[in-house]
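Asks: when you get a sec, could you give me coordinates for this:
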Amino acid sequence: MIRIVFFSVFFLALSAFVNSYVKKTYESISKVKSSTESSAEGISIKAYGKSGIEWTITGRYLYIKGSRLELKDAVFRTDKEEIRAKSSTIDRDTLKGLVEGGVKLTGEGLYTETQGANLDLKEGKIYGSGEVHLKEGNKETWGKGFIIYLRPTKVIIENAKVRIE
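Replies: Predicted coordinates for the structure are as follows:
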């Protein structure tokens, strides 16, 4: 009889230990996040904005980690506008990001240069707090801080200096 009680207590203790081990192992496995990482060269991606703007995004080199896209020699094109930058980081889910290094925006009668800007492809706008140079026909504008809406085209430049030829 004592043997039966002893074995029963032993098996209860063993099952409690195994249960505890399985729970801890399961918790540690669920904490490990799977992250997909990949890269490609010479890529082209399509993205759509709220107002139906279709962007064709191209680049020399693409690095993907989760929902973040990093592009080298990035070009963002619509049927009317083009944005070029040495590098860009875009979130695939929100279509918001950053363009840096010799950023140039060209459109119908519009040419803009800056060194870095935020980009919102859904809203169709580019904005930043850095220096900007804008050319529209025979008018040139310099400033620091800007917002450029693409559809319809609307440019807001803070601390602007204008030169008309």
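
Asks: which helix or strand contains the residue most central in space within the chain?
Replies: Central residue of the chain (Cα atoms, centre = their mean): residue 90, 1.8 Å from the mean position. Residue 90 is part of strand 82-91 when elements are defined by DSSP states H and E.

Asks: could you tell me the angle between the helix or strand encompassing residue 73 and strand 82-91?
Replies: Using DSSP H and E, residue 73 falls within strand 68-77. Counting by axes from the mean of the first three to the mean of the last three Cα atoms, to 10 degrees, strand 68-77 lies at 160 degrees to strand 82-91.

Asks: who does strand 68-77 touch, helix- and strand-wise?
Replies: When contacts are defined as 3 or more Cβ pairs under 8 Å, 6 or more residues apart in numbering; DSSP states H and E, strand 68-77 packs onto strand 54-65, strand 82-91, strand 96-107. Just so you know, the C-beta spots here come from the backbone N, C-alpha and C atoms, and that holds for glycine as well.

Asks: so which bits of that strand are buried?
Replies: Neighbour-count burial for strand 68-77, with 16 or more other Cβ atoms under 10 Å as criterion, is recorded at 69, 70, 71, 74, 75, 76, 77.
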